[in-house]
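Asker: coords please:
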Amino acid sequence: MLMRIRQRGSFLLIQNFIREGLRQVRRTLDHILSPELAIMERKLAKKRIVQPIWNQQKLLWQKLRYSYYSRQKRIAHTLVAVLMTSFIMAGAAFPRVVYQVRVEDATIGTVRSTAVVEQIVKDYLSEKKGDAPYQLVIDPAVSYYPIRQKSSLTSVEQLKTELLQHVTVKAQASVIRVADKVSIALATSADVNQVLDNVKMFYTGNNKGIETLQAQFTDELTVRREVVELSNIKTISEATSLMVSGSEKRQVVTIAAGDTLWDIAMSQSISVDELLAKNPEAAYLQPGDQLVITQAEPIVGVVTNETTREESVIPYETETRYSDNLYVTDVQELVAGQNGLKAEEFAIVRQNGEEVSRVSLGLNIIQEPVTRVIVKGTQIPYGVGTGTFIWPMWGNVTAGYGWYEYGYHRGIDIASGYGRGTVMAADSGVVTDAGYDYFGLGYFVTINHNNGYVTRYGHLSSILVSYGQAVRQGDAIGIEGNTGYSFGTHLHFEIHVNGARVNPYYYLP
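Answerer: Numbers count the residues shown, from 1 in each chain. Below you'll find the model as predicted:
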């Protein structure tokens, strides 16, 4: 543009200079040329419709040549002198062309050459640029208008001062636009490519054992060179972070009756700790309150197509057989179980790192599992319990376990209803105590089942077993009675687990 302005000014100067010189020569020729030359001129003039200044010059030289070959050397020499003098006079008669320097509508000075302004801008931008990788420009741009010089030129210092007051320094940057909504400026196109690669790598680089077939952006991205403010240019790290988690998603949640922090956190796909870190007031909300939850959201979407091969264990199965030759507490392993191994290939589609679909491409059994075979005994030995209890007597529960009006009840009371119910061993075991308790139980029997359990039977009217005797589950050990500290005929029944009394009701069928 500046070159065109210079050419236009130079052409205007030369054109005016030549036109005025030709007018001077023409007037002189009309007086000194012979009639023959005048006749020739008129003949030539009749042949042209519009003669530009170059054709007029051609006509003049034709006249000079004609004069020369007519041996009128003196006249020709005179004409040359007149021509030169006319050109000099015409140049002195017209003022020089200079350039008015403008920034938008403001005129900031006048210069003879645009190179003066260009040098000022070049030096200033070079000083501002330093080691920056981008190209600096001034905004708005400077424009030049050729005019005839009527006053003195603007000094360089004054021109620089005025110029810097009307312009600002900006940069030519590569700008990423996401769907024409979000723009991110970087110094160079190489930086842009690095940022886009980093965003894709963010969603694919941490997936070990996964082959990424394709990664593409779901949003429309455009990259173009633009003039931007220096403060808007981002580093590669800043731009990558902005594209991955640059925007905020806000959601309002209304607390309903029965809602827990865990429910709210799960509905937003975050942990309870994250919920409380962002919303400390969440621990004190009441039904009807509203909670504003903000979450970081990427400004650009990335879809990846991947394949992966996953190995997993095939659990072995267990086959159970039974034998009357073994006690119920015995278990024999005939065949040791062994897990198998399988490998399966999947095609996976992820949206911003989150798996959205998975399709199996094939299954390969690397090793078949081996079924475990065991044998369990069915024979119940004397003196050892099965761990499963039966009711010690048929009847109804008349008093439960725990506190009641007379104190703390350490078992349950069962009454047969007819006063002579048979008391049975609730499980197999060995009688470790049988006798009379003067402090409350009256006649009683204690059985150790040798598996952590002990049962006790009290208020019996008679005892049918003795100390050290082995009994099986269901064997008769006594008769229901009303001995000891008792208010009516019944059976007092207790269960102890590892030395501690428990509620028998929870262990009976």
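Asker: please count neighbours and contacts with C-alpha atoms only from this point.
Answerer: Fine.
Asker: avg pLDDT for stretch 109-118?
Answerer: Mean pLDDT, stretch 109-118: 90.
Asker: quick one: buried residues of it?
Answerer: Neighbour-count burial for stretch 109-118, counted by 16 or more other CA atoms under 10 Å, picks out 109-112, 114, 117.
Asker: contacts for it next, please.
Answerer: 2, 97-102, 144, 153-154, 156, 159, 162 (CA atoms under 8 Å, 6 or more residues apart in numbering).
Asker: now those residues as CSV including distance to Ile184 and neighbour count?
Answerer: Formatted as CSV, the contacts of stretch 109-118 follow (distance: CA to CA, whole Å; neighbours: other CA atoms under 10 Å):
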residue, distance to Ile184, neighbour count
Leu2, 32, 14
Val97, 45, 20
Val98, 43, 21
Tyr99, 39, 22
Gln100, 38, 22
Val101, 34, 22
Arg102, 32, 19
Tyr144, 34, 21
Leu153, 44, 15
Thr154, 41, 16
Val156, 38, 14
Leu159, 35, 19
Glu162, 33, 16
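Asker: so which of the buried residues of stretch 109-118 are in strands?
Answerer: Among the buried residues of stretch 109-118, the ones falling in strands (DSSP state E) are 109-111.
Asker: which one of the residues you listed is nearest to Tyr203?
Answerer: Checking those against Tyr203 with CA to CA, the nearest one is Gly109 at 56.6 Å.
Asker: show me what the closest one is bridged to.
Answerer: Gly109 has these beta-bridge partners by DSSP bridges: Val101.
Asker: and it, how far from Leu186?
Answerer: 35 Å (CA to CA, to the nearest Å).
Asker: got a pLDDT number for Thr422?
Answerer: Note for Thr422: predicted pLDDT of 96.
Asker: quick check: phi and psi on the closest residue to it other than its chain neighbours?
Answerer: Among residues not flanking Thr422 along the chain, Ile479 sits closest, at 4.9 Å (CA to CA, 6 or more residues apart in numbering). Dihedral pair for Ile479: phi -120, psi 140, per degrees, to the nearest 10.
Asker: distance check, Ile479 against Thr107.
Answerer: The gap separating Ile479 from Thr107 is 125 Å, by CA to CA.
Asker: ditto for Ala141
Answerer: According to CA to CA, Ala141 stands 13 Å off from Thr107.
Asker: who has more neighbours out of these two?
Answerer: Neighbour comparison, Ala141 and Thr107: the larger count goes to Thr107, with 15 against 12 (by other CA atoms under 10 Å).
Asker: so what's that one closest to, chain neighbours aside?
Answerer: Counting by CA to CA, 6+ apart, the residue nearest Thr107 is Val101, at 5.9 Å.
Asker: residues in contact with that neighbour?
Answerer: Counted by CA under 8 Å, 6+ apart, Val101 has contacts 107-111, 142-145.
Asker: now do 10 Å
Answerer: 107-111, 114, 117, 142-146, 154, 159, 163 (CA atoms under 10 Å, 6 or more residues apart in numbering).
Asker: cool, Ala256 as well?
Answerer: Contacts of Ala256 (CA under 10 Å, 6+ apart): 285-290.
Asker: would you format those residues as a markdown table with secondary structure included?
Answerer: Output for the contacts of Ala256, formatted as a markdown table (DSSP: H, G, I helix; E, B strand; the rest coil):
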| residue | secondary structure |
| --- | --- |
| Leu285 | coil |
| Gln286 | coil |
| Pro287 | coil |
| Gly288 | coil |
| Asp289 | coil |
| Gln290 | strand |
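Asker: show me which of those are buried.
Answerer: For the contacts of Ala256, a burial check counting by 16+ other CA under 10 Å picks out Leu285.
Asker: Ile293: how many residues sit nearby?
Answerer: 17.
Asker: again with Ala296
Answerer: When neighbours are counted by other CA under 10 Å, Ala296 comes out with 12.
Asker: tell me the secondary structure at Gln119.
Answerer: Gln119 ends up helix, using three-state DSSP.
Asker: many thanks, we can stop here.
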